[in-house]
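Peer 1: turn this into a structure:
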Amino acid sequence: VCASMAAATPLQREFEQVDWDQLPVPDDDGAACHLLAGTRMPHFALPATGGGEDVDLRSLEGLTVVFVYSLTGSPGCPLPDNWDAIPGARGCTPMHCAIRDELESLRARGVDHVYGLSTQTTAYQQELVDRLRLPYPLLSDVTMHVTRALRLPTFVCPDPAAPDGELAPGALTLLGAQPHPVMLKRLVLVIHDGHLKRSFYPVFPPDCAVSRVVSWLSSKEDAERDLLAISGEQ
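Peer 2: This next block holds a predicted model:
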């Protein structure tokens, strides 16, 4: 699954090696049906890993792919209780490994920008970027401005590290005040010049997220090439 597997620590291999057959498959609950082609991205600047400038998805030119995910495991930080029992929750680390390993396939198909997006802090995300050597930035929507504006699919999950009764950052959402963190469900957004072109939801297995995008872009290229060929023959 992951190119760094051979050099990975036992804990890292635990994050990366997942038996998808043992996990519940997420249903299409319709939570992304409103994310239609042409939807304009909200105008918010999101902090990015790497210490670079904040990223405004509406202002980006060209083709952008955003891989939205819930939570990655981190050494020393336990995953929430019963995490594997939540459909679609497990598998964010394998997803990022696959994106990293297939990044050039996206570039070859005209993708200008690639990001991950979650509701964790930039500092938490940076640990993942460093550990997996991710060659693309992760965006933090810890304020949930983009999540609320786009009405992205979410779920609420207990955080074993949070003090009892304490609201985690971003817990005030469309769901109302929640005693536990609100996580994003996994989906992929393909954006062109600040407007949505395609969304993929649900995504399972998670490490197939990037291959689904590559396949779609390839079929789109083939269709456009065929149309040009037909036009040239007429």
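
Peer 1: and the contacts of the helix or strand Gln125 falls within?
Peer 2: If you go by DSSP states H and E, Gln125 is part of helix 122-132. The list of residues contacting helix 122-132 from outside it, by Cβ atoms under 8 Å, 6 or more residues apart in numbering, reads 2, 4, 12, 47-50, 72, 74-75, 93, 96-97, 100, 116, 118, 134, 137-138, 140, 142. Bear in mind the C-beta positions are built from the backbone N, C-alpha and C, glycine included.

Peer 1: just the ones of those in strands?
Peer 2: Among the contacts of helix 122-132, the members falling in strands (DSSP state E) are 116, 118, 138, 140.

Peer 1: quick one: the residues you listed as a markdown table, columns for distance to Pro153, neighbour count and pLDDT too.
Peer 2: Below are the ones in strands among the contacts of helix 122-132 laid out as a markdown table (distance: Cβ to Cβ, whole Å; neighbours: other Cβ atoms under 10 Å; pLDDT from 0 to 100):
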| residue | distance to Pro153 | neighbour count | pLDDT |
| --- | --- | --- | --- |
| Gly116 | 16 | 25 | 98 |
| Ser118 | 13 | 24 | 95 |
| Leu138 | 19 | 25 | 98 |
| Ser140 | 18 | 25 | 96 |
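
Peer 1: looking at the residues you listed, spot the one nearest Ser199.
Peer 2: Among the ones in strands among the contacts of helix 122-132, Gly116 lies closest to Ser199 (Cβ to Cβ), at 15.5 Å.

Peer 1: spatially nearest residue to the closest one, not counting backbone neighbours?
Peer 2: Nearest residue to Gly116 in three dimensions, chain neighbours excluded: Leu138, at 4.2 Å (Cβ to Cβ, 6 or more residues apart in numbering).

Peer 1: residues contacting the one you found?
Peer 2: For Leu138, the contact set (Cβ under 8 Å, 6+ apart) comprises 48-49, 115-118, 122, 125-126, 128-129.

Peer 1: before we move on, what about Asp28?
Peer 2: Under the criterion of Cβ under 8 Å, 6+ apart, the contact list for Asp28 reads 201-202.

Peer 1: any idea how far the residue nearest to the spatial centre of the chain lies from Ser211?
Peer 2: With distances taken as Cα atoms, centre = their mean, Val68 lies nearest the centre of the chain, 2.1 Å away. Separation of Val68 from Ser211 (Cβ to Cβ, to the nearest Å) stands at 17 Å.
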